[in-house]
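Trainee: take this sequence and fold it.
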Amino acid sequence: MSATNRQVRLAARPVGEVKPGDWEHCDGPVEEPGPGRFAGRTRVISLDPAMRGWLDDRPSYLPPVAIGEVMRAGSVIEVTASRHPGFQPGDHVVGTFGVQEYVVSDGRGAMKIDTALAPPSTYLGALGMPGMTAYFGLLDVGALKEGETVVVSGAAGAVGTIAGQIAKVKGCEVVGIAGGPEKCAMLTEELGFDAAIDYRAEDVRKALRRHAPDGIDVYFDNVGGDILDAALTRLAMHARVVVCGAISQYNNATPVKGPSNYLSLLVRRARMEGFVVFDYAERYAQAARDISAWIGAGRVKVREHVVRGGVDDFPGTLQMLFRGENTGKLVLELV
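Mentor: Down below sits the predicted model:
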């Protein structure tokens, strides 16, 4: 084992886009596990849009990452030594272990995974938080029904790709909104979406009128901003707007732009509801079983964007999310 543990820590609260100076790259000690603990080496780190919100010192569903603290991140580690009865050397474990090469854990919030069934990265994507988010956001919050019209923004991302495919599994008409012709082609040609709208090249409102002529029954929102406003103008009666995220707003140095067309909710007798996937933790196993079965049957396809590098590559890789450079789940695989 290396004599030092490479880490990325938060050095300053970002203002607007996260800058290189907001991070500290440092070496910490490599610890040995005490009683009831295990040690491991990080194999894959998850990169998620929600990370940007964790850097701000404001009320949220999780406390902010503290200045000087190892950056919070989900990851998969391989156990190297253990004094914990539930984990043995060679086990692969998923948990919130942070952006660092080596980890010591007491096992709380950690789960063993079977890499013979799926690669480690998939347990951070389709079988991890993004898959759980898509599943419960659509089926519980969105109360999806067969035959409805579903529109997904950020459709080429980790959550969007799974959400759209689950809607297809459930017998819905699905329209994805993404940036660029390659992503739009992937949605329709590979993932089975019925239509895709390129927000960079098309008028989104006009395109929604064309692809959802009878209105949107469920709008799964990952981006907020102008695209949310456009979708609100096309709601069907009793529509459900699922507020999953607002990536277009996360780097704002000014206050978040709220929806100006919210009165559509009144006119269409619709509802708009936010949710946090952690609220469904007791049912993760159910969702994982369903998603695994759909993947095995070829009804859900997994798209992952794997960057291979070291811990020091985390800040630059994170920025890919906010520049729209990833397709599917973005992960950093340590080499």
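Trainee: just the helices in the stretch 1-150 of the chain please.
Mentor: Remark: helices assigned in the stretch 1-150 of the chain by DSSP state H, counting those that start in this stretch are 50-54, 129-136.
Trainee: so which of those is the most surrounded?
Mentor: helix 129-136 (a mean of 26; mean count of other CB atoms under 10 Å). C-beta coordinates here come from the backbone N, C-alpha and C atoms, glycine included.
Trainee: so what's the most far-flung residue of the chain relative to its centre up against?
Mentor: Most distant residue from the mean C-alpha position of the chain: Pro35, 34.0 Å away (CA atoms, centre = their mean). Pro35 makes contact with Arg83 under the criterion CB atoms under 8 Å, 6 or more residues apart in numbering.
Trainee: nearest to Val15, of the helices of the stretch 1-150 of the chain?
Mentor: helix 50-54 (12.0 Å; CB to CB).
Trainee: what sits up against the closest one?
Mentor: Under CB under 8 Å, 6+ apart, the answer for helix 50-54 is 14, 18, 60, 62, 64-65, 71-73, 245, 250-251, 318, 322.
Trainee: which PyMOL command selects the buried ones in those?
Mentor: Command for PyMOL that selects the buried part of the contacts of helix 50-54, burial taken from 16 or more other CB atoms under 10 Å:
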select buried, resi 14+18+64+65+71+72+73+245+250+318+322
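Trainee: turn the contacts of helix 50-54 into a markdown table, including pLDDT and distance to His92.
Mentor: Converted to a markdown table, the contacts of helix 50-54 look like this (pLDDT from 0 to 100; distance: CB to CB, whole Å):
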| residue | pLDDT | distance to His92 |
| --- | --- | --- |
| Pro14 | 95 | 32 |
| Val18 | 95 | 29 |
| Ser60 | 88 | 30 |
| Leu62 | 92 | 25 |
| Pro64 | 96 | 29 |
| Val65 | 98 | 25 |
| Met71 | 98 | 21 |
| Arg72 | 98 | 20 |
| Ala73 | 98 | 16 |
| Gly245 | 93 | 28 |
| Tyr250 | 86 | 31 |
| Asn251 | 84 | 33 |
| Leu318 | 97 | 23 |
| Phe322 | 93 | 29 |
